[in-house]
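*Asks:* Pasting the sequence and the predicted model now:
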Amino acid sequence: MKPRALALIALAMIALVWGCNWVLMKTAVLYASPFVFAAQRSLGGGILLLVLAAVLRKPLWPERPLGYLLLGVFQIAGFLGLVTWAIVTAGAGKIAMLSYTMPFWVALLAWPLLGDRLRLVPGIAVAVAVAGVALMIGPLHGAWIADVIAVLAGVSWAIGVIIAKRLQRSANLDLYNMTTWQLIFGGIVLAIVAAAVPSRATVWSPAYIAILAYNIVFATAIAYVLWIFILRVLPAREASMGTLASPLLAVAWSWALLGERPSLLEGSGMLLVAAGLLLLSFWDRLRLPRITARERQRIADDEQAG
């Protein structure tokens, strides 16, 4: 199969894995403090990949230590730490929707940092989404601080996407090595935060162990390998748009399993955010032939330079 087709299949897989995981994360913080759970998840996934790298005789030392450290800080510690913290006091579906505003921050940051100019239609999409976010995190909602934290998680994830794209443009880096070390570095940062913040003892129940195992293997190790592969093949904004199904699944599962029904303002905000995501996705579809041609040319140039 062509790399683009594989990337789209990978997008569908991680959308399903991450979409279902929000309910599990909401359950996990009943047994452990948010930063402890996020650190266990990140370090567990990174160590698992490192052990497999040793078995497969792949490079163990990080190829770009500073770059992978920055990835770990923003895409792992910043995103996972903040969303897990926010989900303690707010609904899982709502936090998922707010954190998945990441594509809009990618659209804004890609202009100055990647040279991907923000045009009229994406600008309208961003404006619609910002209006939706305002409805979802206004002071009329009791847990608005958690909502702001979720938005900051989306910004952190977007910065991680930009860093990953810049790293991949600068050199032909090993996908597996990049994923392994961003998880380890991010997990170390989260462990430091967890040690510094007073927290309750973790309850090692069978339910928590099962949730942690799912997060380490599927939602972290496998999903982040697929995510870095997607960022290598697809443009940053298109890759981020492909995650649209995850927050929608999170809202549906939270409603069905946790009874989390959004208020009128929250529901309206979610609709506006979803509308912005769809508009941005539609715009990317219209621009797809030019984008892929440009990406193919960049890959050809990279191969010639190598």
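*Replies:* Noted; the coordinates are in hand. Numbering: from 1, shown residues only.
*Asks:* Gln168 contacts Leu231, doesn't it?
*Replies:* Yes: applying C-beta atoms under 8 Å, one finds Gln168 in contact with Leu231, separated by 6.7 Å. For the C-beta atoms, the positions are set from N, CA and C on the backbone; glycine is no exception.
*Asks:* Those two - which one has more neighbours?
*Replies:* Just comparing Gln168 and Leu231: by other C-beta atoms under 10 Å the higher neighbour count belongs to Leu231, 24 against 18.
*Asks:* Need the nearest residue in space to the more buried one, chain neighbours excluded.
*Replies:* In space, Leu231 comes closest to Ala164 once its chain neighbours are excluded; the distance is 4.9 Å by C-beta to C-beta, 6 or more residues apart in numbering.
*Asks:* element containing the one you found?
*Replies:* According to DSSP states H and E, Ala164 maps onto helix 144-170.
*Asks:* on contacts alone, who are the packing partners of that helix?
*Replies:* Under the contact criterion of 3 or more C-beta pairs under 8 Å, 6 or more residues apart in numbering; DSSP states H and E, helix 144-170 touches helix 65-71, helix 79-86, helix 92-99, helix 102-114, helix 120-137, helix 223-233, helix 236-241.
*Asks:* Could you list the buried residues of that helix?
*Replies:* Under the neighbour-count criterion of 16 or more other C-beta atoms under 10 Å, helix 144-170 has 146-147, 149-165, 167-168 buried.
*Asks:* and it with helix 92-99, angle?
*Replies:* Relative orientation of helix 144-170 versus helix 92-99 (axes from the mean of the first three to the mean of the last three C-alpha atoms, to 10 degrees): 50 degrees.
*Asks:* distance between the helix or strand following helix 144-170 and the chain's centre?
*Replies:* Remark: after helix 144-170, the chain's next helix or strand is helix 175-196, criterion DSSP H and E. Relative to the chain's own centre, helix 175-196 is displaced by 15 Å; criterion: C-alpha atoms, centre = their mean, to the nearest Å.
*Asks:* Show residues contacting the next helix or strand along the chain from helix 175-196.
*Replies:* Using DSSP H and E, the helix or strand that follows helix 175-196 in sequence is helix 206-214. Residues outside helix 206-214 that contact it (C-beta atoms under 8 Å, 6 or more residues apart in numbering): Asn21, Leu24, Met25, Thr27, Ala28, Tyr31, Ala32, Phe37, Gln40, Arg41, Gly44, Thr202.
*Asks:* one more time with 6 Å
*Replies:* Residues outside helix 206-214 that contact it (C-beta atoms under 6 Å, 6 or more residues apart in numbering): Leu24, Ala28, Tyr31.
*Asks:* Show me which residues of it are buried.
*Replies:* Neighbour-count burial for helix 206-214 flags Tyr208, Ile211, Leu212, Tyr214 (criterion: 16+ other C-beta under 10 Å).
*Asks:* distance of the last one from Ile14?
*Replies:* Which is Tyr214. Distance check for Tyr214 against Ile14: by C-beta to C-beta, to the nearest Å, it reads 14 Å.
*Asks:* next one: the first one
*Replies:* From Tyr208 across to Ile14, the span is 23 Å (C-beta to C-beta).
*Asks:* Could you tell me the end-to-end distance of stretch 70-87?
*Replies:* Stretch 70-87 stretches 24 Å from its first residue to its last (C-alpha to C-alpha, to the nearest Å).
*Asks:* wait, I meant stretch 210-218
*Replies:* Taking C-alpha to C-alpha, stretch 210-218 runs 12 Å from one end to the other.
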